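1. From the sequence below, what's the structure:
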Amino acid sequence: AVRFKREFRTVAQLTHPNLVRVLELGVDDAGLYFTMELVDGVDLRRHCAAADRIARLERVLPEIVAALAHLHEHGIAHCDLKPDNVLVTDCGVVKLVDFGVLSELARRDGDGHLAGTPAYLAPERATGAAASAATDVYALGCTMYEILTGHPPFRGTVQAVLEAHASQRAPSPRELAADVPPALDELCVSMLG
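-> This next block holds a predicted model:
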């Protein structure tokens, strides 16, 4: 509880136009919780579910990177970056949600289950290593991959996906979707490397 409160204070002090604001910390019968601002928008998957998906991704990518850089400058890793946690408002502003150690602490149960989503989880996280900026870069690569190809780099059972992240290289997005520009393909592949 002490660590949760300390991390909450750290995250609550962050202000960035592309990060959802953390508003309140509380305790109820279920335990500690926190609240965040309500964002009226759609997730990245829905935002990019159109013929111009590449242009839409290219437009929002700098805002995603800026938000992650701000977190990393303050020593916080997102821990669960994926299309569902990138919202785009009606005005076109990107907001990262469900970020930081608070999310990880809130979701880690007494059995020590790993927080995060297997399809976007960096190989080192699958082995229980601490989250870092590199973890988020890998997750952003997986997120881009899904937007570019229609699916994450690896699919299957949780165990199969975690093993694939650790031991395989996914085909480049351009191999699966010929309309992916070479520079965007190269960026995505480098994030997954």
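2. that's a strand at Leu87, yeah?
-> Yes: secondary structure of Leu87 (DSSP: H, G, I helix; E, B strand; the rest coil): part of a strand.
3. Follow the chain on from the lowest-mean-pLDDT helix or strand in the chain and name the next helix or strand.
-> Ranked by mean pLDDT, DSSP states H and E, the helix or strand of the chain with the weakest confidence is helix 100-107, at a mean of 48. Once helix 100-107 ends, the next helix or strand along the chain (criterion: DSSP states H and E) is helix 123-126.
4. Name the surrounding residues that touch that next one.
-> Leu114, Gly116, Pro118, Ala131, Ser132, Ala134, Thr135, Tyr138, Leu162, His165, Ala166 (C-beta atoms under 8 Å, 6 or more residues apart in numbering). Just so you know, the C-beta spots here come from the backbone N, C-alpha and C atoms, and that holds for glycine as well.
5. try 6 Å
-> Applying C-beta atoms under 6 Å, 6 or more residues apart in numbering, the contact partners of helix 123-126 are Gly116, Thr135, Leu162, His165, Ala166.
6. Quick check: next helix or strand after it?
-> As assigned by DSSP H and E, the chain's next helix or strand after helix 123-126 is helix 133-149.
7. what comes into contact with stretch 68-75?
-> Applying C-beta under 6 Å, 6+ apart, the set of residues contacting stretch 68-75 from outside is His16, Ala133, Asp136.
8. Out of those, grab the one that's most surrounded.
-> Using other C-beta atoms under 10 Å as the neighbour criterion, Asp136 leads those with 28 neighbours.
9. which one is it nearest to, not counting chain neighbours?
-> Of all residues not flanking Asp136 in the chain, His78 sits nearest, at 4.8 Å (C-beta to C-beta, 6 or more residues apart in numbering).
10. my guess is that neighbour is in a strand, correct?
-> No: assessed by three-state DSSP, His78 does not belong to a strand; its assignment is coil.
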